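**Student:** Here is the input, now give the coordinates:
(3 chains)
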Amino acid sequence: MGAIGERLRVLGLTLPPEPVMPEGVELLFPMVHVAGRRVFVSGHGPQNPDGTLAGPFGQVGAEVSLEEAAALARLTALSMLGSLQRALGDLDRIAGWGRVFGMVNAAPGFDAHPAVINGFSRLVLDVFGAAGGRHARSAVGMASLPFNIAVEIEAELFLAG
Amino acid sequence: MGAIGERLRVLGLTLPPEPVMPEGVELLFPMVHVAGRRVFVSGHGPQNPDGTLAGPFGQVGAEVSLEEAAALARLTALSMLGSLQRALGDLDRIAGWGRVFGMVNAAPGFDAHPAVINGFSRLVLDVFGAAGGRHARSAVGMASLPFNIAVEIEAELFLAG
Amino acid sequence: MGAIGERLRVLGLTLPPEPVMPEGVELLFPMVHVAGRRVFVSGHGPQNPDGTLAGPFGQVGAEVSLEEAAALARLTALSMLGSLQRALGDLDRIAGWGRVFGMVNAAPGFDAHPAVINGFSRLVLDVFGAAGGRHARSAVGMASLPFNIAVEIEAELFLAG
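**Tutor:** Numbers count the residues shown, from 1 in each chain, chains lettered A, B, ... in the order given. Here you go, the predicted model:
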């Protein structure tokens, strides 16, 4: 087991299986696309342990509380790590994080997007450390997200040279 | 004619001319910006054959149907290929796609963004093939888009080394 | 003083200090993240000379006028240059701009996002010149932004090799 795998074990974290999409949904792209040393990560949402998308669903600030949304952002980080594990074979191949784009399905007037996406960033920093998990970030409010998920996050990472 | 140009011919696809913006609009950036091997593509919208922005205009799920929006996403792919052709001279210089960011001008409650942006991805895969057109993707709902277009897509590609 | 610093002086531009966030806000990421030659810039908003976030706050097309929003986009460029100066030590290390993603906190029906983000692009071009400041760009409408700022912009640049 690699260092990141061991770190996940110590933290008691389990990565979810391949995302299970709602019936009839066709995804024409991979969740992770590696090109040279660059790792492009498609938009991920929170997953349940069975792979399905996790709720509560709806807009943060209305149907979904700030605390629930931060927990969903944390689940989104686990979803992304699961995809990276499957695509790369070994999370130790990750040399660093580049950019994190955090999208919140936000009710009108909601303005605490950073606190939501901190649920994602905190998990990445816990697992990869302050240097290895360091990333640029935006956290912003979308009018809507696929399947009415409350949080979606895309990212770019890079592999060791 | 290169391989991609030939493929476009076989598929019966015609690329639109340079985008024609609404009167008074000043764009301070190129539609495609090449830096080394990286190809940054500015946000593109659907174009009519005369270069103007294509409708129907408005929010998907309200003024624009899902089927119309998927067709607009397909037109957006053709618009982007037109810009790439003009910027690169030859589409065969494209070694691969990196990231596609699909933005849907979405009515409240709309949740089928992936089906809309599939109109873009399908065309890219048809033209470049499963390997050459492979890309990471997000498809999300914006509160509004310039000139009230229904779909806008930005991307990054890369050139052969 | 480097060439860009001299250019800022000639233009009479002063860069704001480190952003001062509203009380209780925890940012788990740097405003600029350098990885090799790549410079990932986190989402920036407009700053007052004392470092706090600048208003007017709210949605462009409602509480904030187009002209005010373009001025806020210009302030956002100055904020970003301040972060880059602190992260890089010398703005002359910047070899070029890649991508600019301009996000407007937009009232329903607003459709002039490009005119808003032109306030950012114009300043970048004034400071870095037509070649050095050239960038790909999208300008789109968000449902909401952190702390109800009217404009937020993220970017990627690169360093000399």
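
**Student:** residues in contact with the closest residue to residue A:92 other than its chain neighbours?
**Tutor:** Leaving aside its sequence neighbours, residue A:92 sits nearest to residue A:2 (Cβ to Cβ, 6 or more residues apart in numbering or on different chains; 3.7 Å). The way it works is simple: take the backbone N, C-alpha and C, and place the C-beta from them, glycine included. Residue A:2 makes contact with A:90-92, according to Cβ atoms under 8 Å, 6 or more residues apart in numbering or on different chains.

**Student:** Now rank these by neighbours and give me the top one.
**Tutor:** Counting neighbours by other Cβ atoms under 10 Å in any protein chain shown, residue A:91 leads the contacts of residue A:2 with 18 neighbours.

**Student:** wouldn't that residue be in contact with residue A:83 here?
**Tutor:** No - taking contacts as Cβ atoms under 8 Å, residue A:91 lies outside contact range of residue A:83: 10.8 Å.

**Student:** Can you give me the neighbour number for residue A:157?
**Tutor:** Counted with other Cβ under 10 Å, the neighbours of residue A:157 add up to 26.

**Student:** Where does it sit: helix, strand or coil?
**Tutor:** Following DSSP: H, G, I helix; E, B strand; the rest coil, the label given to residue A:157 is strand.

**Student:** What backbone torsions are found at residue A:105?
**Tutor:** phi -70, psi 100 (degrees, to the nearest 10).

**Student:** quick one: residue A:45 and residue A:18, what's the gap?
**Tutor:** Between residue A:45 and residue A:18 the computed distance is 13 Å (Cβ to Cβ, to the nearest Å).

**Student:** need the longest helix for chain A.
**Tutor:** The helix that spans the most residues within chain A, counting by DSSP state H, is helix A:66-88.

**Student:** right, is that one up against chain B?
**Tutor:** No - applying Cβ under 8 Å from any Cβ of the partner chain, one finds helix A:66-88 separated from chain B by no less than 10.3 Å.

**Student:** and that helix, does that touch chain C?
**Tutor:** No - for a cut-off given as Cβ under 8 Å from any Cβ, helix A:66-88 has no contacts with chain C; the smallest distance is 11.3 Å.

**Student:** who does that helix touch, helix- and strand-wise?
**Tutor:** Here helix A:66-88 touches strand A:32-35, strand A:38-44, strand A:94-105, helix A:113-132, strand A:151-159, going by 3 or more Cβ pairs under 8 Å, 6 or more residues apart in numbering or on different chains; DSSP states H and E.

**Student:** quick one: which of those is nearest residue B:35?
**Tutor:** Closest approach to residue B:35 among the helices and strands packed on helix A:66-88 (Cβ to Cβ): strand A:38-44, 14.2 Å.

**Student:** For the closest one, which strands pair with it and how are they oriented?
**Tutor:** Note on strand A:38-44: by DSSP bridges, its sheet partners are strand A:32-35 (antiparallel), strand A:151-159 (antiparallel).

**Student:** Spell out which parts of chain A neighbour chain B.
**Tutor:** A:25-33, A:35, A:38, A:40-43, A:101, A:103, A:142-148, A:152, A:154, A:156.

**Student:** Out of these, which end up buried?
**Tutor:** A:28-33, A:35, A:38, A:40-43, A:101, A:103, A:142-148, A:152, A:154, A:156 (16 or more other Cβ atoms under 10 Å in any protein chain shown).

**Student:** List the buried residues of stretch A:61-73.
**Tutor:** A:61, A:64, A:66, A:68-73.

**Student:** what residue ranges in chain A score low on pLDDT?
**Tutor:** Within chain A, not a single segment meets pLDDT under 70.

**Student:** Around chain C, pick out the residues from it.
**Tutor:** Counting by Cβ under 8 Å from any Cβ, chain A sits next to chain C at A:96, A:98-101, A:106, A:108-115, A:118, A:121-122, A:125, A:134-143, A:158.

**Student:** residues touching residue A:72, list them.
**Tutor:** Contacts of residue A:72 by Cβ under 8 Å, 6+ apart are A:45-46, A:54, A:56, A:64, A:116, A:119, A:149-151.

**Student:** ok, now with 10 Å
**Tutor:** Contacts for residue A:72 (Cβ atoms under 10 Å, 6 or more residues apart in numbering or on different chains) come out as A:45-47, A:53-57, A:60, A:64, A:104-105, A:116, A:119-120, A:149-152.

**Student:** same deal with residue A:26?
**Tutor:** Counting by Cβ under 10 Å, 6+ apart, residue A:26 has contacts B:114-115, B:118, B:121-122.

**Student:** filter the residues you listed down to the ones near chain A?
**Tutor:** The subset of those within reach of chain A, by Cβ under 10 Å from any Cβ of the partner chain, is B:114-115, B:118, B:121-122.

**Student:** How about residue A:160: what's its closest non-neighbour residue?
**Tutor:** Among residues not flanking residue A:160 along the chain, residue A:95 sits closest, at 4.1 Å (Cβ to Cβ, 6+ apart).
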